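Trainee: Quick one, what's the 3D model for this:
(one chain, ligands or ions: 2)
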Amino acid sequence: MGFTLAEKIIKNHLVTGEMVKGTDIGIRIDQTLTQDATGTMAYLEFEAMGIDRVRTERSVAYIDHNTLQTGFENADDHRFIQTVCKKHGIWFSRPGNGICHQVHLERFGIPGKTLIGSDSHTPTGGGIGMLAIGAGGLDVAVAMGGGEYYITMPKIVNVELQGELQENVSAKDIILEVLRIMSVKGGVGKIIEYTGEGIKTLSVPQRATITNMGAELGATTSIFPSDENTLEFLKAQDRADAYTELKADDDAVYDEHIVIDLSKLAPLAACPHSPDAVKSVEELAGMKVDQVCIGSCTNSSYADLMKVAHILKGKTVADGVSLAIAPGSKQVLNMLAQNGALSDLIDAGARILESACGPCIGMGQSPNSKGVSLRTFNRNFLGRSGTKDAEIYLVSPEVAAVSALTGVMTDPRKYADGYKVDMPEHFLINDNMVIEPASVEEMDKVEVLRGPNIKEFPKTSAMAESISATCSLKVEDNITTDHIMPAGAKILPLRSNIPAISEHCFTVCDTEFPSRAKALGSSIIVGGSNYGQGSSREHAALAPLYLGVKAVLVKSFARIHRANLINAGIIPLEFADENDYNNIDLGDNLAIDNIRDQIAAGNGITILNKTKNVEINTKCALTERQKDIILAGGLLNYTMMNK
Ligand code: MIC
Ligand code: SF4
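Mentor: Ligands and ions are numbered 1, 2, ... in the order given. Predicted structure coming up:
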């Protein structure tokens, strides 16, 4: 029996466990990436581990999220990251150089290598044949220190692409179709592997759009083979030496099989407020649009923006529409500048933003009240744009550009000609915005600079014998980490300051939560299924930890958030019987006795709801290592104990 591509890469990197689906495995990590909003915490954690120099083949820190500098905080954090990188052997991509995933794909990604990043869209690297996985900052810190990364050996889903896309139907429509089929929880515990004749028609940046937004499926990662298109891309990036041909064996066995005929796909849009609320653009055509944003790590490549420039050339953005464009990297922006396409964008009335995440994470460009905004991004969760009553639709660059001109949702097949952007033979290469780390001889001389916004990682202690806690919050299904720990221009600058950012925890759902949880001292959160989907931000675990949350009891968890809870020493519990969700209400007094023994025994944990006088059975499926982490009071304590 042959192997799938993901299995081959895992096999080559396996350190602990066996490739048995559903069991825990530890893999060696070749590369790491961080971005600034999660990076400060990750580097504080790395420093706390007391390791001098990273032990990976390549670790890169990007500054791309917190680039709106309305106070000293972000600039201080950037300076901290820059100096910590210099000292400890990490490459530093300066603000202005671009979005981490776009730049990593262009300049550092290598087929067949493993990459973990403190950002959920790290699977973008799957477009170039990497096994690229999003993780919490602490897991990335451990990997930088040479530790392996633990995942549950996923099931492998084969998405077979047949045929070729029609003109003005794009890679974004492929992943929206996969989301329509599988939903935002359909990928949990799975790797999505793309095969079929259709993949030959897709360039690396198009493939990366698909693997990027695979994060919205809840998948562990997504991956394409490394083939002649990969070589063409790497050659054009002057990195042909990074190429290896990689594909699944002909007799590989997959757990699921989905077939998509590309020629039958039409332009699609994800409707508010979920990436899987997919409808055809034709159905939505004519809807008035107030804002269009083009960019983000999903759709800001050279080809995407050339297509947009071609559609806009010589025309003017409709008078009711504000069009913002953020090219994904300095490379892309500079190429558009040199070939004149930037001028076409400016001339049409586009507001050009710096190469960064920008509006995707609510850093500026919030829409007007009740505004309809079409975005080429990957997430449209409630409130993420910064305007709570805005309606965000996720669309392709073609739909976005054509609709910006007409002022209403428009099917590009009727309005744009079949302009095709060829992969440039040579991208414009200039890595002058990437700073090399100091040499081993020089590293001791580097001083790490810390601003007053940078506070320590919250201290945790070993798990107690029993817990007496109150239910401090009860929430529904599909709670995202944007609900738990909102982002945006006002809150993101507090990412290095857990006490301050905790004041915003869950305020999207309940403004009283932070003060209530603090007053209770010790509490438990209750939730529905797919709890913690979305971003990898470990702040969604660290803020509850700081506020005294001891356990989270839900119907089911999203992968990265569950790992972050364990890393923070918070017990992740699932209802043994989902109907028990109705047996706990806000304010109920809950007790767990002999908790250490119950965790160690691994047969689930019994909670007594003292208010209702009912016993609730929960599942707490932890591996031996995870049990030890929880009992030690989190991964940092565990790592220090095992140093
Ligand atoms: C996101 O797209 O939600 C983010 C912002 O990039 C996050 C990381 C973060 O919260 O800093 C992610 O995707 O992990
Ligand atoms: Fe940045 Fe948005 Fe991509 Fe997250 S999804 S990395 S915020 S561009």
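Trainee: For the stretch 201-350 of the chain, which segments count as helices?
Mentor: Using DSSP state H, counting those that start in this stretch, the helices of the stretch 201-350 of the chain run over residues 204-213, 228-236, 281-284, 302-312, 330-339, 341-348.
Trainee: I'd like the distance between Val402 and Arg379.
Mentor: 22 Å (C-beta to C-beta, to the nearest Å). Placement of C-beta: from N, CA and C, glycine included.
Trainee: ok so, going back, among the helices of the stretch 201-350 of the chain, which is the most enclosed?
Mentor: Most buried of these, by mean neighbour count (mean count of other C-beta atoms under 10 Å): helix 204-213, with a mean of 28.
Trainee: List phi and psi for the residue nearest the centre of the chain.
Mentor: Against the mean C-alpha coordinate of the chain, by C-alpha atoms, centre = their mean, the closest residue is Ser120 at 1.8 Å. Phi and psi for Ser120, reported as degrees, to the nearest 10, are phi -70, psi -20.
Trainee: What lies in contact with the worst-scoring helix or strand of the chain on mean pLDDT?
Mentor: The weakest-scoring helix or strand in the chain, judged by mean pLDDT, DSSP states H and E, is helix 635-641 (a mean of 89). Applying C-beta atoms under 8 Å, 6 or more residues apart in numbering, the contact partners of helix 635-641 are 45, 48-49, 138-139, 142, 145, 147, 457, 460-462, 566-569, 628-629, 632.
Trainee: from the residues you listed, which ones fall inside helices?
Mentor: Counting by DSSP state H, the contacts of helix 635-641 place 45, 48, 138-139, 142, 566-568, 628-629, 632 in helices.
Trainee: The longest helix seen in the chain - contacts with which helices or strands?
Mentor: For the chain, the longest helix by residue count, based on DSSP H, is helix 72-88. Packing partners of helix 72-88 (3 or more C-beta pairs under 8 Å, 6 or more residues apart in numbering; DSSP states H and E): helix 36-48, strand 58-62, strand 91-93, strand 434-435.
Trainee: close to ligand 2, is the first one?
Mentor: No - for a cut-off given as C-beta under 6 Å from any ligand atom, helix 36-48 has no contacts with ligand 2; the smallest distance is 7.9 Å.
Trainee: pretty sure Ser535 is touching Ile484, no?
Mentor: No - taking C-beta atoms under 8 Å as the definition, Ser535 is not a contact partner of Ile484, at 9.2 Å.
Trainee: tell me which residues of stretch 477-494 are tucked away?
Mentor: For stretch 477-494, burial by neighbour count (16 or more other C-beta atoms under 10 Å) applies to 478-489, 491-494.
Trainee: quick one: buried residues of stretch 154-163?
Mentor: 154-161.
Trainee: Sort out for me which of those residues are in strands.
Mentor: If you go by DSSP state E, the buried residues of stretch 154-163 have 155-161 in strands.
Trainee: Pick the one among these closest to ligand 2.
Mentor: Closest approach between these and ligand 2, by C-beta to the nearest ligand atom: Val159, at 21.2 Å.
Trainee: separation between the closest one and Ile570?
Mentor: Counting by C-beta to C-beta - Val159 and Ile570 are separated by 34 Å.
Trainee: ok, is stretch 317-328 in contact with ligand 2 or not?
Mentor: No - using C-beta under 6 Å from any ligand atom, stretch 317-328 never reaches ligand 2; the gap is at least 8.2 Å.
Trainee: hmm, that stretch touching ligand 1?
Mentor: No - judged by C-beta under 6 Å from any ligand atom, stretch 317-328 makes no contact with ligand 1; its nearest approach is 13.4 Å.
Trainee: Just the endpoints, please. Distance across that stretch?
Mentor: 21 Å (C-alpha to C-alpha, to the nearest Å).
Trainee: what does the stretch 401-550 of the chain put close to ligand 1?
Mentor: 487, 534-537.
Trainee: Farthest-apart pair in these, please.
Mentor: Farthest apart among these by C-beta to C-beta are Ala487 and Ser536. That separation is 12.1 Å.
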